[in-house]
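K.L.:
quick one, what's the 3D model for this:
(2 chains)
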Number of protein chains: 2
Amino acid sequence: MLDAAMVREFTDLLSENGVITDEVGLRSYECDGLTGFRQVPALVVLPRDAQEVAGAVRLCAKYGMPFVARGAGTGLSGGAMPVADGVVISLQKLRRILEIDVENRRAVLEPGVYNLEISKAAAPYGLYYAPDPSSQQVCTIGGNVAENSGGAHCLKYGFTTNHVLEMEVVLADGSVVTLGGPTGEQAGPDLRGLFIGSEGTLGVCTKVTVRLLQTPETVRTVLADFPSIEAAGDTVGDIVDAAIVPAAVEMMDSLAMEASEAATGAGLTVDSPAALIIELDGPGDEVEAEFEHLTAICERHGATRLHVPTEAEERQKVWKGRKAAFAAVGRISPDYIVQDGVVPRTRLAEVLTRIAEMGRDADLRVANVFHAGDGNLHPLVLYSEAAGEHDAAEKLSTDIAELCVELGGSLSGEHGIGTDKACSMPAMFSEDDLGVMHRVRLAFDPDSRCNPGKLFPTPRLCGERPGKYAPHPLEEAGVIERL
Amino acid sequence: MLDAAMVREFTDLLSENGVITDEVGLRSYECDGLTGFRQVPALVVLPRDAQEVAGAVRLCAKYGMPFVARGAGTGLSGGAMPVADGVVISLQKLRRILEIDVENRRAVLEPGVYNLEISKAAAPYGLYYAPDPSSQQVCTIGGNVAENSGGAHCLKYGFTTNHVLEMEVVLADGSVVTLGGPTGEQAGPDLRGLFIGSEGTLGVCTKVTVRLLQTPETVRTVLADFPSIEAAGDTVGDIVDAAIVPAAVEMMDSLAMEASEAATGAGLTVDSPAALIIELDGPGDEVEAEFEHLTAICERHGATRLHVPTEAEERQKVWKGRKAAFAAVGRISPDYIVQDGVVPRTRLAEVLTRIAEMGRDADLRVANVFHAGDGNLHPLVLYSEAAGEHDAAEKLSTDIAELCVELGGSLSGEHGIGTDKACSMPAMFSEDDLGVMHRVRLAFDPDSRCNPGKLFPTPRLCGERPGKYAPHPLEEAGVIERL
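P.N.:
Numbers count the residues shown, from 1 in each chain, chains lettered A, B, ... in the order given. From the prediction side, this is the model:
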């Protein structure tokens, strides 16, 4: 599809070193954090500003080429996996922090800014950016917008969608729109919220205004070991019932701790069945009042150890133990899949029992890390590609996600649907539900050239017959092609 | 358009007393809380359950008739104003609370349930529903969803969109979809959030699942008088800087207090230039710690009186003084318009100075009530219909909303755009921005029969020439008609 004249057009449009066409260069974009799925793109472009992004999108429109926007490629659901014969638009050169508006507590960012850089830039003013995915040192705000990323502190502070006020977005035809507004209070339908979490299927974000929060006066972190997963789960329930809203309540099981401790030496008790990492933040006297409640609750549920770091450095070490857990699993398994599902918090014990059974049946180990406060699980399915276990691991991982739906939860909490779970969408949504999603996507991108194959189930991906959706007047008129 | 045979079809479809056709009956639906705009509908239907709603929508589709869903008709932007030759679908008979799920802290509701009824039903379990519009005794959850309603406590607890997990929605063609999911963690694009605040233009909500919160252990309310609006504004700034997150921070100016005190006898100081009502809630020891901070800040800014009710009844009286303020203005003026705009909190003093000037120029009084914590103003423009002041009042009110946009804010915080401000949308959004909103609306409702004329500027309403938007492939193909 792509010929030399077309490549020249991209080269002419973009600044120096803006186009990658060589096999080795292209290959480094073949997958994101979901490494089990790979596809070499036809072309990678690296625009240097929003104008170049819009220009590249317009060239794709001219030639009817599909494209995939890519931040740092740390996503875990394959949302940035390239399309064959398609263009990857890397946003890694759009890395400027355009403004830190201290008075109004907001920051204006290019999409390639790393998540943690925002808080670093805001720190001199006593401000920070709240959503903190475990990958925050290397993931970008543009990717966070695409996936509506959360993080350990989303229990108290919410997801990306709760912190983005306004965005500049290039649509598939190259037009540029503003979604949201500077104060975050919306007039009209919330296209801002619609775009956040749409996984790159509605356009390319080229500028983001985020809300900054004041750095809490006091932070206290508790690492508590428990004699069982149930005791840890009951502790979480009682914390919620006591109307304490911790900044974070994370749970790890013993296999996750074993992996993390081997990699980080964070001080986790590897033979403990379960641990909670609970963080309180706010004004000093409030935090002290909550802290007393909290430790009493932990003790009531038989906590076998309460570690309360007093120095910031020690606290960061505990968090390193949690945040490095995914990568650390590489120490105890050659390959692994990070799953992401949600169950009602009241069904945590049940889902864990079922996951353990399913792991035994599939003869695969599963480590568990969760945002326990809001029922968001991250089961880590351990496998060996070399031993031919990939398909079994992928099936187990998918079955776990669909189990979450069966238990009244969701296919995804914060990692997105992407390539990984597009075919599971009918487990959660009816044909009519998917039909309206599809039509909304076409309102932004009538040719489905914007990150095709992600999020929405398609016959090609899922092996289903075409004609899945109820017909819509726009389809019947032949203007919208059915997926 | 509507003939006797069509009326008979509606009558056959609906339960007894399900159709209103007489002039007097129809006239009682001619407007909502924006009483300056009126339109008698062709027909009013009162379905008794979701099936009857879907049936009525299908009949409208069959005859190509526009329709307007209506809750209690308390909206202030004319969102429920009927369309000539159109049907009003009143949801006032869908009043069942279908479930209070104590364990998972959520309630499943029909759309006609009154906002306050939710908290009353949840109270025996120590739970409540957080968003609390001033009209909460008489407004419905369905209307709250349509307008994304807030309330005094949205500073800490957020808007309707932050509390709705899942909805059942009838689309314009009569199909029924589920938006969102039971845990509130979204998989796929956030159509739930898109629908909330879309002012009835995307479909009719027939079932809502909301999150319930635990009733706070302690609530403390402070009514503080200040020597000037600036002193009250600076107090709000310092409260925010101290990282205190009150449940509510409301401000009233002296004219608003004069009106409210005359109606309620709530104990407001009518000759004080400004007052704040600040509420703290949470566990007892936390609230006490915050309360000490708070009163010190008020005193530092010269508060002339600090009233701290100790009994629940006394506290409710203070809130009555605030929540009745809109209606109370009827005591001091024969007619009034409640405006709703947002400015960055840092520009509150500036916007008030400008509003006072504009009021003097128009020779009209303006009372001010605000959610000061988040910069959401409610200027009340006082006028006399009988004295021929309506058009001048409407112009002043619109100018105030557009001033908010000019100062970096928003046309609306929580009352919606509706009929009132549709023509101001181009002050906030570009043609491309409006174009994508319009296409998204058509993805739900390709014939624009669902609450037409609201929210989106149209030539008919705004007197602009057709062809306002950039052409889109679906428009060029002739399938979507331009507004």
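K.L.:
buried residues in stretch A:70-86?
P.N.:
Within stretch A:70-86, the residues scored as buried using 16 or more other CB atoms under 10 Å in any protein chain shown are A:70-83, A:86. Glycine gets a C-beta too; all of them are placed from N, C-alpha and C.
K.L.:
and of those residues, the nearest to residue B:368?
P.N.:
The nearest member of the buried residues of stretch A:70-86 to residue B:368, counting by CB to CB, is residue A:71 at 43.9 Å.
K.L.:
and the buried residues of stretch A:70-86, which is closest to chain B?
P.N.:
residue A:77 (10.3 Å; CB to the nearest CB).
K.L.:
phi, psi for the nearest residue to that closest one once chain neighbours are set aside please.
P.N.:
Leaving aside its sequence neighbours, residue A:77 sits nearest to residue A:418 (CB to CB, 6 or more residues apart in numbering or on different chains; 3.0 Å). Main-chain torsions, residue A:418, degrees, to the nearest 10: phi 50, psi -140.
K.L.:
any idea how far residue A:421 is from residue A:462?
P.N.:
11 Å (CB to CB, to the nearest Å).
K.L.:
which of these two has more residues huddled nearby?
P.N.:
residue A:421 (28 against 15; other CB atoms under 10 Å in any protein chain shown).
K.L.:
show me what the host helix or strand of residue A:316 packs onto, helices and strands only.
P.N.:
Following DSSP states H and E, the helix or strand that holds residue A:316 is helix A:312-323. For helix A:312-323, the packing partners by 3 or more CB pairs under 8 Å, 6 or more residues apart in numbering or on different chains; DSSP states H and E come out as strand A:218-226, helix A:254-264, strand A:274-282.
K.L.:
6 Å instead?
P.N.:
Packing partners of helix A:312-323 (3 or more CB pairs under 6 Å, 6 or more residues apart in numbering or on different chains; DSSP states H and E): strand A:218-226, helix A:254-264.
K.L.:
hang on, isn't the residue nearest to residue A:77 packed against residue A:78?
P.N.:
Yes: here residue A:418 reaches residue A:78: they are 4.2 Å apart, a contact under CB atoms under 6 Å.
K.L.:
mind checking the pLDDT average for the next helix or strand after the helix holding residue A:316?
P.N.:
Where DSSP H and E defines the elements, the next helix or strand beyond helix A:312-323 is helix A:325-328. The pLDDT scores in helix A:325-328 average 88.
K.L.:
how about the helices of the stretch 1-150 of chain A, start to end?
P.N.:
All helices of the stretch 1-150 of chain A, identified by DSSP state H, counting those that start in this stretch, fall at A:4-13, A:23-27, A:50-63, A:115-122, A:141-147.
K.L.:
winner for burial among those helices?
P.N.:
Among those, helix A:141-147 has the highest mean neighbour count (mean count of other CB atoms under 10 Å in any protein chain shown), at a mean of 30.
K.L.:
please save the CA atoms from that helix in PDB.
P.N.:
Output in PDB follows, covering the C-alpha atoms of helix A:141-147 (Å, rounded to 0.1, in the frame of the first residue of the first chain):
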ATOM      1  CA  ILE A 141       0.000  11.600  29.900                       C
ATOM      2  CA  GLY A 142      -1.300  11.000  26.400                       C
ATOM      3  CA  GLY A 143      -1.300   7.300  27.000                       C
ATOM      4  CA  ASN A 144      -3.000   7.900  30.400                       C
ATOM      5  CA  VAL A 145      -5.700   9.800  28.600                       C
ATOM      6  CA  ALA A 146      -6.200   7.000  26.100                       C
ATOM      7  CA  GLU A 147      -6.500   4.400  28.800                       C
END
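K.L.:
need the residues of the stretch 101-250 of chain A near chain B, please.
P.N.:
A:103-104, A:175, A:177-178, A:181-183, A:185, A:187-190, A:193-194, A:197-198, A:214, A:243 (CB under 6 Å from any CB of the partner chain).
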